[in-house]
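# Here you go, sequence then predicted model.
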Amino acid sequence: MSATQPGDAQPERPAQPAQPKVTEREARQVAEAAREQNWQRPSFAKELFLGRFRLDLIHPHPVPADEDVQRGEAFLARLREFCETSLAEGLAARIEREARIPDETVRGLKELGALGMKIDPKYGGLGLTQVYYNKALALVGSVSPAIGALLSAHQSIGVPQPLKMFGTQEQKDAYLPRCATSAISAFLLTEPDVGSDPARLATTAVPDGEDAYVLDGVKLWTTNGVVADLLVVMARVPRSENHRGGITAFVVEADSPGITVEHRNAFMGLRGLENGVTRFHRVRVPAAQRIGAEGAGLKIALTTLNTGRLSLPAMCVGAGKWCLKIAREWSGVREQWGRPVALHEAVGSKISFIAATTFALEAVVDLASQMADEDRNDIRIEAALAKLYGSEMACLMADELVQIRGGRGFETAESLAARGERAVPAEQMLRDLRINRIFEGSTEIMHLLIAREAVDAHLSVAGDLIDPEKAMGDKAKAGARAAGFYARWLPQLAAGAGQVPGTYRAFRPSGHPDLATHLRYVERGSRKLARSTFYAMSRWQGRMETKQGFLGRIVDIGAELFAMSAACVRAEHLRASGEHGREAYQLADAFCRQSRLRVEELFGRLWDNTDDLDRKVVAGVLSGTYTWLEEGILDPSGDGPWIADATPGPSTHENVHRPLR
């Protein structure tokens, strides 16, 4: 039934109002205001981009407390048993076939306490660390990425995390026990015409007296929204007397009058994902359900994501492990020209890439997660790098697995089973992983976000110099600050420990590969990266923010250097603990050698690229210069609207919301 309230008329909707007109500068100001402005704690990745290789911040590798390990391992054992039973009953194939997670599976997860993995035990949760939460997501994600997405969206960006960080005690008491045991939550920010530019957010929350707000608007791609009991909704409060206004966060009951889930979206992968379109029409929300102050919504969202982003690369680690297992088993039995295909170099290089990259990606996620648990470092850049690097590399690993499997990699698991072969869902893995390059910040947005944080030190001292709206007096003060900063900083980039052959001796144990060589490369690469960034800022100044190709390569170099550092530190940690030391050193060595080739290519492309020519081609495409190139085809997509109507008003659709009980 529709969520239209009784008594509402059903007039024809007026023409869709224009989205809020926002200039590029205004959009940047909104994003900048939502950033964490200060760095209260050290950051390994921030220092890396500044040319300072602070190995002491990550080595020795941090380790979890014994009680955290015991609690985490006990839960993983129960979860593994549940997952093994589910797999034996054909759960993975059923989710792919029916495009839905069975209700009984969700009930089983609730009984295990999986909804409350990150929630404090005093609210009925399990109180797992970030490290073990990620291990649990990797495990369930190997059964079905849709289950991993459900649990992650609920706990990483749904109601529990923002309430843990910003909620009042009353809100925690009211909602966290429900989230830990029964209530599934969702996060609603994106709109049909608003993605990574929240300055244009159109959903409104109009104050209704002193004790409530009224929500109107449409939200798109609401992961868990189809089955959620509780929603975190971002809406714009109009500025008025006694209301500062701005984008604001609310906890909203999903069955509130006026809420309609109008459509359950279907995707190329993650077929079990409960993702939809949700309309709000005159939805009354008590002021007590507002999270934080008015105008603090984006800051809450971004701060939540600082650790919430780690859930996606955690599941990418699980995907890499599965790709390695299948590649090993298949390439050992499949023969070509009298030899297992693994022994042919063309295939073997792909297997080596999968193994080495899985090792490094797990090192990145574990290191960032343990640092998050210890709460002694600022990991906003590390978490973003983990998400960026994990989502990109996992897709490459899955693609290589499909290639290793050949025609069987392109064939569905159902088809393979029907003709008597092992039901390996390689093509499904590739489809399921593809969304991670878009989820929670696309690769392109992550490049810009990380680049902004990476140049924060420069903008802090010299930003006014390149701001066209600053007065000459402000520019003079900025010039003085910049002169002092660069007089101290630039000489540090000339030489460092990476040029001293005897440094990092701990990473040269007898009988193991020499990882010290790679750490020296990281140190030199860090200083070169910082010099390149400084040169670019000097060259382009205020136009630097438009050089997105350059900034993307800067970030990708930083991601590789971070991954190399994490891989070496993890290998040494495993060697020191007596666990797979020789093998870990070999994998770290292989990864670092592969990574160094990518870094050298990226450094070369900083200055030798087609960016300027690409911009000219794009201008020609948009102006219609090349429409002749499109001749000779037919377009099956038709002539419907590019963006669906999101005019506020009552819903005319059936409500497809189906809470899981």
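Good, I have the coordinates. Numbering: from 1, shown residues only.
# got the residue ranges for the strands in the stretch 1-150 of the chain?
Read by DSSP state E, counting those that start in this stretch, the stretch 1-150 of the chain holds no strands at all.
# What ranges in it fall below the confidence cut-off?
1-35 (pLDDT under 70).
# cutoff 90 now
Along the stretch 1-150 of the chain, segments meeting pLDDT under 90 span 1-40.
# Which parts of it are helices?
Ranges of helices in the stretch 1-150 of the chain, per DSSP state H, counting those that start in this stretch, are 24-34, 44-49, 66-88, 91-98, 103-112, 130-143, 145-152.
# Equivalent analysis for the stretch 351-500 of the chain, please.
With DSSP H, counting those that start in this stretch as the criterion, the stretch 351-500 of the chain has helices spanning 380-405, 407-410, 413-418, 426-434, 443-454, 456-462, 472-489.
# Show me how far the fourth one is from its chain's centre.
When you say that, I think you mean helix 426-434. Helix 426-434 sits 17 Å away from the centroid of its parent chain (Cα atoms, centre = their mean, to the nearest Å).
# before we move on, what about the shortest one?
Its chain's average C-alpha position is 29 Å from that of helix 407-410, according to Cα atoms, centre = their mean.
# So which bits of that helix are buried?
For helix 407-410, burial by neighbour count (16 or more other Cβ atoms under 10 Å) applies to 408, 409. (Each C-beta comes from the backbone N, C-alpha and C, glycine too.)
# what do you get for the third one?
Counting neighbours by 16+ other Cβ under 10 Å, one finds that the buried residues in helix 413-418 are 413, 416.
# Who are the packing partners of that helix?
Applying 3 or more Cβ pairs under 8 Å, 6 or more residues apart in numbering; DSSP states H and E, one finds that helix 413-418 makes contact with helix 91-98.
# For the helix it packs on, buried residues please.
Buried residues in helix 91-98 (16+ other Cβ under 10 Å): 91, 92, 93, 94, 95, 96.
# in this protein, which helix or strand is least confident?
Lowest mean confidence among the helices and strands of the chain (mean pLDDT, DSSP states H and E): helix 24-34, at a mean of 61.
# and residue 228, what does it touch?
Taking Cβ atoms under 8 Å, 6 or more residues apart in numbering, we find residue 228 in contact with 158, 184, 185, 186, 222, 254, 274, 659.
# Residue 220 versus that one, what's the distance?
Computed with Cβ to Cβ, to the nearest Å, the distance linking residue 228 and residue 220 is 15 Å.
# Which residue of this structure lies farthest from its centroid?
Most distant residue from the mean C-alpha position of the chain: residue 338, 43.9 Å away (Cα atoms, centre = their mean).
# What count of nearby residues applies to the residue nearest to residue 68 when sequence neighbours are not counted?
Distance criterion Cβ to Cβ, 6 or more residues apart in numbering; nearest residue to residue 68, sequence neighbours excluded, is residue 129 at 4.8 Å. Per other Cβ atoms under 10 Å, the neighbour tally for residue 129 reads 21.
# Wait, residue 129 touches residue 373, no?
Yes: using Cβ atoms under 8 Å, residue 129 is in contact with residue 373, at 4.6 Å.
# Spit out the residues that contact those two alike.
Jointly contacting residue 129 and residue 373 under the rule Cβ under 8 Å, 6+ apart are 64, 68.
# rewinding a little: from the helices of the stretch 1-150 of the chain, which stretch is densest packed?
Highest mean neighbour count of these: helix 145-152, a mean of 27 (counted as mean count of other Cβ atoms under 10 Å).
# okay, now residue 525: neighbour count?
26.
# In terms of helix, strand or coil, where does it fall?
Judged by DSSP: H, G, I helix; E, B strand; the rest coil, the three-state class of residue 525 is helix.
# so what's the closest residue to it other than its chain neighbours up against?
Setting aside the residues directly before and after it, residue 525 is nearest to residue 561 in space (Cβ to Cβ, 6+ apart), at 5.2 Å. Going by Cβ under 8 Å, 6+ apart, residue 561 touches 48, 522, 525, 526, 529, 599.
# swap in residue 87?
residue 143.
# swap in the one 4 residues further on?
Contacts here follow Cβ under 8 Å, 6+ apart; on that basis residue 91 touches 102, 105, 143, 144.
# Kindly recompute the last result at 10 Å.
Neighbouring residues of residue 91 by Cβ atoms under 10 Å, 6 or more residues apart in numbering: 83, 85, 101, 102, 104, 105, 108, 143, 144, 147, 272.
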